[in-house]
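K.L.:
please work out how this folds:
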Amino acid sequence: MALSPGTTSRQFSAVSGWLVTVGFSVGMAAWWWPSYQSWGATAGLMILLLAMYMAVKISAGDGTVPGNPVYFPALISVALASCHFAAGLKDETASLLDNMMNVSAIYHIGLFALGVLLVQALAAGAPLARALRFISGAAMIAGGLLSHVIVGQSPAAQAMTPVAVAGAGLCLATASEFFDHAALTARTSITGAAIAALATLSTIGPHVLLFGSATAGAIILLTSILSRGHRLVGVPVGVLCAGVSAWRLARAPGLIPPDLSAFGSGESAFDAFTGADSGLHIISSALGWMGLGIIALAALAAACWIVIASARQKRTSRIIMTCAAAFAASAFLAPGGLFLPSCTLAAATCWAFSAADIRPPRAYGSAAVAVSHDLGFRAMHGVEANTGGTGT
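P.N.:
All right, here's what the predicted structure looks like:
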């Protein structure tokens, strides 16, 4: 019996969609403790999924690569880390091990960007994308609950708290898409985002949740301005979420280390911190107040791009997914958040789903982009294996 054209490509797509969902779900639910084993498993999973992605592209004869606005803040982060890496190479007395953490930072950002690419290409556009998204959200919730049950109030559990909130956001966004009426879907999205943001404003919540709630408040405010008929409720809720969260963050003691330089000290900043310290302290010390501000503005601009595109195309469920992406990204700022594979996989998953099917959905170009990403990732993985970075 002859096969219809495109059968092989569809089979590859179906298998790879479930593979990336199952693999990432296992990672988000179980790899919430820093170790060389968990980071090695994450890298191995990425390589396997990248091979599947290339097979799908080759079988379909597709030379395009999915685009996502979150690549811009990732690119800025790589550029800043690369500058510190290049400065370290000029020191003739320093060895490669002295530049290890700069390499580790670049490697970490590469893992995140590759995760966004794989989820967006293989899972977000799959025929069962809703089911895959719901499974991913449930895995994030499970990871947050397991971390609290097993290790209690450790830094790992604190970092997994915003991941669990992000998972709830993905599940709620998926549920809202089953409503056919656009206005009802819009109200569900805005209400869900408001609930997720307001839930973090209690005095018993960790301060790391306030970064996500402040961003979610800004997203709700922007959505309410763009969506007619929702301003009466959305604008006050957005202002309340963003304002109260920003006020609490401003009153938080020791949120950012004092005496920061403009672009940080790179490698030497890690000498004063451990894997249990605040991710915000580590990033701000390594990249400086100006570098941190540029990255934050770029990330906020990426979120606004998704929100504006979603509002114009009436893809209202994407609004709450963007709020979920903000919470997932805030996990990097928590104590220990930079060193947990679960946080990296969760952030990549949320950003990938939030920008899926938003026109223009693809950055057209040669598939050599993916090949170069693969070669660069393998080269960085080789250096990482020799220096032993990322894991703790």
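
K.L.:
distance check, Gly50 against Val15.
P.N.:
For the record, residue 50 is Leu, not Gly. Distance of Leu50 to Val15, computed by C-beta to C-beta, to the nearest Å: 15 Å. (Each C-beta comes from the backbone N, C-alpha and C, glycine too.)

K.L.:
more neighbours: which of those two?
P.N.:
Leu50 (20 against 14; other C-beta atoms under 10 Å).

K.L.:
hang on, that one in a strand?
P.N.:
No - using DSSP: H, G, I helix; E, B strand; the rest coil, the secondary structure at Leu50 is helix, not a strand.

K.L.:
does it touch Gly115 like I think?
P.N.:
No - using C-beta atoms under 8 Å, Leu50 is not in contact with Gly115; the gap is 10.3 Å.

K.L.:
which non-adjacent residue is nearest Leu146?
P.N.:
The spatially closest residue to Leu146, leaving aside those adjacent along the chain, is Ala29, at 6.6 Å (C-beta to C-beta, 6 or more residues apart in numbering).

K.L.:
what sits against that neighbour?
P.N.:
By C-beta atoms under 8 Å, 6 or more residues apart in numbering, the residues touching Ala29 are 139-140, 142-143, 146, 342.

K.L.:
how far does the one helix or strand it maps to sit from the chain's center?
P.N.:
Secondary structure assignment for Ala29, by DSSP states H and E: helix 7-30. Relative to the centre of its chain, helix 7-30 is centred 18 Å away, using C-alpha atoms, centre = their mean, to the nearest Å.

K.L.:
check which residues of that helix are buried.
P.N.:
Residues 9, 12-13, 16-21, 23-25, 27-30 are the ones in helix 7-30 that count as buried (16 or more other C-beta atoms under 10 Å).

K.L.:
re the thing from before, any chance of JSON lines for the contacts of Ala29, columns pLDDT, distance to Arg133 and neighbour count?
P.N.:
JSON lines is the format used below for the contacts of Ala29 (pLDDT from 0 to 100; distance: C-beta to C-beta, whole Å; neighbours: other C-beta atoms under 10 Å):
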{"residue": "Ala139", "pLDDT": "94", "distance to Arg133": "11", "neighbour count": "26"}
{"residue": "Met140", "pLDDT": "94", "distance to Arg133": "11", "neighbour count": "34"}
{"residue": "Ala142", "pLDDT": "94", "distance to Arg133": "15", "neighbour count": "16"}
{"residue": "Gly143", "pLDDT": "92", "distance to Arg133": "16", "neighbour count": "28"}
{"residue": "Leu146", "pLDDT": "91", "distance to Arg133": "20", "neighbour count": "17"}
{"residue": "Ser342", "pLDDT": "94", "distance to Arg133": "17", "neighbour count": "30"}
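
K.L.:
so can I have JSON lines of the residues you listed showing distance to Ala173 and secondary structure?
P.N.:
Formatted as JSON lines, the contacts of Ala29 follow (distance: C-beta to C-beta, whole Å; DSSP: H, G, I helix; E, B strand; the rest coil):
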{"residue": "Ala139", "distance to Ala173": "15", "secondary structure": "helix"}
{"residue": "Met140", "distance to Ala173": "13", "secondary structure": "helix"}
{"residue": "Ala142", "distance to Ala173": "18", "secondary structure": "helix"}
{"residue": "Gly143", "distance to Ala173": "18", "secondary structure": "helix"}
{"residue": "Leu146", "distance to Ala173": "23", "secondary structure": "helix"}
{"residue": "Ser342", "distance to Ala173": "20", "secondary structure": "helix"}
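
K.L.:
I'd say Trp33 and Ala157 touch.
P.N.:
No - using C-beta under 8 Å, Trp33 makes no contact with Ala157, being 10.1 Å away.

K.L.:
these two: who's more crowded?
P.N.:
Ala157 (23 against 19).

K.L.:
wait, doesn't that one sit right on Leu145?
P.N.:
No - counting by C-beta under 8 Å, Ala157 does not reach Leu145; the two are 9.7 Å apart.

K.L.:
please enumerate the helices of this protein.
P.N.:
Ranges of helices in the chain, per DSSP state H, are 7-30, 36-60, 71-89, 100-122, 129-151, 155-176, 182-198, 208-226, 231-251, 279-312, 317-330, 341-355, 368-387.

K.L.:
so which of the ones you listed gets nearest Ala269?
P.N.:
For these, proximity to Ala269 was assessed by C-beta to C-beta; helix 279-312 is nearest, at 3.8 Å.

K.L.:
could you give the mean pLDDT of that closest one?
P.N.:
Regarding helix 279-312, the rounded mean pLDDT is 87.

K.L.:
then stretch 171-180?
P.N.:
Mean predicted lDDT for stretch 171-180 stands at 76.

K.L.:
export that stretch to PDB, keeping only CA atoms.
P.N.:
Output in PDB follows, covering the C-alpha atoms of stretch 171-180 (Å, rounded to 0.1, in the frame of the first residue of the first chain):
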ATOM      1  CA  CYS A 171      -3.200  24.600  32.700                       C
ATOM      2  CA  LEU A 172      -5.600  27.500  33.100                       C
ATOM      3  CA  ALA A 173      -4.700  28.900  29.600                       C
ATOM      4  CA  THR A 174      -5.400  25.400  28.100                       C
ATOM      5  CA  ALA A 175      -8.700  25.200  29.900                       C
ATOM      6  CA  SER A 176      -9.700  28.700  28.700                       C
ATOM      7  CA  GLU A 177      -9.400  27.600  25.000                       C
ATOM      8  CA  PHE A 178     -12.300  25.200  25.300                       C
ATOM      9  CA  PHE A 179     -14.600  28.200  25.500                       C
ATOM     10  CA  ASP A 180     -15.700  29.100  22.000                       C
END
